[in-house]
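> below are the sequence and a predicted model; questions follow.
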Amino acid sequence: MSAEARTTIDQSEVDRFSAMAAEWWDPTGKFKPLHKINPVRLAYIRDKVVEHYGRDPKSPRPLEGLRVLDIGCGGGLLSEPVARMGASVLGADASEKNIKIAMTHSAQSGVDVDYRAVTAEALAAQVETFDIVLNMEVVEHVADVDFFLSTCASMVRPGGLMLVSTINRTLKAAALAIVGAEYVLRWLPRGTHQYEKLVRPEEIERPLSANGMQILETKGVFFNPLQNQWNLSADIDVNYMMLARRPGSAT
């Protein structure tokens, strides 16, 4: 397949999430799990960015002056709070329906986010670069994982960070994240995740390392039913987040 013909888009996945677009901001709807996991994701992003860029952890806008790409932003559940932290955020998604929902909500909320219905490869072709690339719960829905991650890595500025969050391809993940979450607890619509499309940590490390990124750490994320919340963990068998850095001087 030629470079020109390669795409990160799995149209069936785009169609699946487009069909649910109107429910993005309903905390009790089909995206309830993302609403529940958002606090731990945002805390991790904030902590790592503050540490990396030497920002004041007590500042209400610790990301001031940083340019952030939220790739596969959906309805903007991450884009808006990251923008509230002071970052200049570009929220990109292949689904025009998702982007319209995100734009409507940000306008109602008074949060300035640059939303675009665009693919990662189209964005990279415009030579867009960012201090931080957020790649959260997206990689398991793309058509070509290596190409997608390589494309995203190409947009990280020297000294910049990429954060990837996804589900491991293990039997434990199949039991908890697919059977448990979709069929037993019904947190997600059936078919949201396919086991063969889940991504192991080494399958993320390989294309990132090949594109000059340094893997800084990998952290597990687990749901504690007693606390009714998600927490960081050393166990990466199911949900996990990976932090990577491009060598060079940070802005």
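Right, received. Where do you want to start?
> where does the protein have its least confident helix or strand?
When each helix and strand of the chain is scored by mean pLDDT, DSSP states H and E, helix 11-19 comes last, with a mean of 64.
> could you point out which element follows that one?
Once the chain leaves helix 11-19, the next helix or strand it forms, by DSSP states H and E, is helix 32-53.
> any idea which helix or strand comes after that following helix?
Next along from helix 32-53, by DSSP H and E: strand 67-71.
> where along this protein do the helices fall?
In the chain, the helices defined using DSSP state H lie at 11-19, 32-53, 79-84, 96-109, 120-125, 145-153, 171-173, 201-210.
> so which of the ones you listed is nearest Asn231?
For the helices of the chain, proximity to Asn231 was assessed by CB to CB; helix 32-53 is nearest, at 6.3 Å. C-beta here means a position set from N, CA and C on the backbone, and glycine is covered the same way.
> could I get the helices of the chain in JSON lines, plus columns for mean neighbour count and distance to Trp25?
Output for the helices of the chain, formatted as JSON lines (neighbours: other CB atoms under 10 Å; distance: least, CB to CB, whole Å):
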{"stretch": "helix 11-19", "mean neighbour count": "15", "distance to Trp25": "14"}
{"stretch": "helix 32-53", "mean neighbour count": "17", "distance to Trp25": "9"}
{"stretch": "helix 79-84", "mean neighbour count": "23", "distance to Trp25": "10"}
{"stretch": "helix 96-109", "mean neighbour count": "18", "distance to Trp25": "6"}
{"stretch": "helix 120-125", "mean neighbour count": "19", "distance to Trp25": "24"}
{"stretch": "helix 145-153", "mean neighbour count": "23", "distance to Trp25": "25"}
{"stretch": "helix 171-173", "mean neighbour count": "15", "distance to Trp25": "27"}
{"stretch": "helix 201-210", "mean neighbour count": "16", "distance to Trp25": "29"}
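> closest to Gln194 out of those?
Closest among the helices of the chain, once you apply CB to CB, is helix 11-19, at 9.4 Å.
> point out where this protein drops to low pLDDT.
Residues of the chain that meet the criterion pLDDT under 70 lie in 1-5, 9, 13-22, 177-193, 251.
> swap in 50 and give it another go.
1-3, 179-180, 183-185 (pLDDT under 50).
> and stretch 75-93, how far apart are its ends?
In stretch 75-93, first residue to last residue: 9 Å (CA to CA, to the nearest Å).
> try stretch 124-142
16 Å.
> for Ile71, give the beta-bridge partners.
Ile71 has these beta-bridge partners by DSSP bridges: Ala92.
> what is the neighbour count of it?
For Ile71, the count of nearby residues is 27 (other CB atoms under 10 Å).
> that one: what's it in contact with?
Ala92, Ala120, Leu123, Val133, Leu134, Asn135, Val138, Cys152 (CB atoms under 8 Å, 6 or more residues apart in numbering).
> mind giving me TSV with those and columns for distance to Glu217?
Listed next are the contacts of Ile71 as TSV, based on distance: CB to CB, whole Å:
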residue	distance to Glu217
Ala92	25
Ala120	23
Leu123	26
Val133	16
Leu134	16
Asn135	15
Val138	20
Cys152	18
